[in-house]
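Participant: Just to be clear, the model below is a prediction. Sequence and coordinates:
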Amino acid sequence: EQLSNQIAAGEVIERPSSVVKELVENAIDAGSTQIDILIEEAGLKKIQVSDNGDGIHPDEVMLAFERHATSKIYTTQDLFRIHSLGFRGEALPSIASVSKLTLETATTDLPGKHVYIEGGTLVEERIHGARKGTTVTVESLFYNTPARLKYIRTVQTELASISDIVNRLALSHPQIAFRLINEGNQMLRTSGNGDLKQAIAGVYGTDAARKMLTLASEDLDFKVSGFVSKPELTRASRNYMTFVLNGRYIRNYNLQKAIVEGFGSRLMIGRFPIAVIIIETDPLLLDVNVHPSKKEIRISKESELSALIIRAIQAALKEVVSI
Ligand code: ADP
Ligand code: MG
């Protein structure tokens, strides 16, 4: 059982940023409006995610650490019809099997719970008086899987990966106030007031938010909104382009290419805009057979969507010229 959890962990939990992603997605699923993330030594020493969500019922806390015990039972086909980001019930048991994990949780009306699990073994479980919400603290990640630890790259690389994931989660959930603190320094803060422009300000700075063009375009199958930066504000990396498809961020190389094509000659080679593109569509147009944790989702009519994005960007750029 422990071994199978560790094997599963190898698939779900590749590196510290995978832990951050899974814990933050759980906090989002719990209906939180405030999520705080604390990092030490790029997550290898400590990752703490605190939320003010629904909490876990005291009788169900240990169940959450059993594999395939998800409170969110859906078929894979339902994945894009539903709001919830989690569905496999693998993350918590996987993380707990390769770390020293503390979970404190409380619902509104019941006494809260505190559990401490070391390498997948329950060490302590007690009643805990806490405010509504959940705090998960993961320490000494991969301490009992040295092979995995060795595979971890530099602190800089891991930190960049954590920051990238939190950025994208914050951008895809502007109604949640996010805070990312690394070694005591605030790396990100969003207001959570629901305004995407303000979320962009929290993630990329107020100056960047001021240099955004508004996108608005739709056809029979897709609705595209969001922002792209003016040609004067570009980056030397593709990582500043985020796509949010029906409420969750996705990676999609063809859609990145569409952004670049929309800018045409206004973009120097190797430069990319900052962009947050919100796409809404009928879930029936999405194929979720691709591994969901990888965020690679097949979109039928993808070339139609690309064309729509190109048109939206070209229309937005026209406004710049006429001003
Ligand atoms: P999944 O998210 O796929 O259901 P997880 O292993 O990530 O599986 O979590 C297991 C269960 O623990 C969830 O279904 C949920 O009921 C509960 N849970 C985990 N984290 C939280 C949280 N932050 N707030 C409330 N419930 C949580
Ligand atoms: Mg989950």
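Facilitator: Alright, I've got the coordinates. Computed from a predicted structure; not experimentally measured. Numbering: from 1, shown residues only. Ligands and ions are numbered 1, 2, ... in the order given.
Participant: Give the buried residues for the helix ranked longest in the chain.
Facilitator: If you go by DSSP state H, the chain has its longest helix at helix 302-322. Judged by neighbour count using 16 or more other C-beta atoms under 10 Å, the buried positions of helix 302-322 are 302, 305-313, 316-317. (Glycine included, C-beta is placed from N, CA and C.)
Participant: Output those residues as a markdown table; include the columns distance to Glu158 and pLDDT.
Facilitator: Converted to a markdown table, the buried residues of helix 302-322 look like this (distance: C-beta to C-beta, whole Å; pLDDT from 0 to 100):
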| residue | distance to Glu158 | pLDDT |
| --- | --- | --- |
| Glu302 | 32 | 96 |
| Leu305 | 33 | 98 |
| Ser306 | 33 | 98 |
| Ala307 | 38 | 98 |
| Leu308 | 36 | 98 |
| Ile309 | 32 | 98 |
| Ile310 | 35 | 98 |
| Arg311 | 39 | 97 |
| Ala312 | 35 | 98 |
| Ile313 | 33 | 98 |
| Ala316 | 35 | 97 |
| Leu317 | 37 | 96 |
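Participant: For the nearest residue to Glu319 once chain neighbours are set aside, give me its contacts.
Facilitator: Leaving out its chain neighbours, the residue that sits closest to Glu319 by C-beta to C-beta, 6 or more residues apart in numbering is Leu213, at 6.8 Å. When contacts are counted by C-beta atoms under 8 Å, 6 or more residues apart in numbering, Leu213 touches 227-230, 313, 316-317, 319-320.
Participant: 10 Å - rerun?
Facilitator: Leu213 is in contact with 226-231, 273, 275, 312-313, 315-320, counting by C-beta atoms under 10 Å, 6 or more residues apart in numbering.
Participant: Then Ile35?
Facilitator: Ile35 makes contact with 23-24, 26-28, 49-53, 133, 166, 169-170, 173, 176-180, 190, 192, according to C-beta under 10 Å, 6+ apart.
Participant: Now the buried members of the residues you listed.
Facilitator: Of the contacts of Ile35, these count as buried by 16+ other C-beta under 10 Å: 23-24, 26-28, 49-53, 133, 166, 169-170, 173, 176-180, 190, 192.
Participant: from these, which are also near ligand 1?
Facilitator: Among the buried ones among the contacts of Ile35, the residues that sit close to ligand 1 (C-beta under 6 Å from any ligand atom) are 26-27, 51, 53.
Participant: So what's the residue count around Asp282?
Facilitator: 12 (other C-beta atoms under 10 Å).
Participant: typed the wrong thing, it's Thr108
Facilitator: Using other C-beta under 10 Å, Thr108 has 9 neighbouring residues.
Participant: again, but for the one 4 residues further on
Facilitator: Gly112: 21 surrounding residues under other C-beta under 10 Å.
Participant: I'd guess Arg148 is in a helix, am I close?
Facilitator: Yes. The assignment for Arg148 by DSSP: H, G, I helix; E, B strand; the rest coil puts it in a helix.
Participant: Just the pLDDT for it.
Facilitator: At Arg148, the model reports a pLDDT of 86.
Participant: Now do the contacts for the nearest residue to Leu245 once chain neighbours are set aside.
Facilitator: The shortest distance from Leu245 to any non-neighbouring residue, by C-beta to C-beta, 6+ apart, is to Ile279 (4.9 Å). Ile279 makes contacts with 222-226, 243-247, 250, 252, 255, 299, 305, 308-309, as judged by C-beta under 10 Å, 6+ apart.
Participant: try Ile56
Facilitator: 26, 30, 62-64, 71, 92, 103, 105-107, 110, 112-113, 134.
Participant: and of these, the nearest to ligand 2?
Facilitator: Asn26 (4.4 Å; C-beta to the ion).
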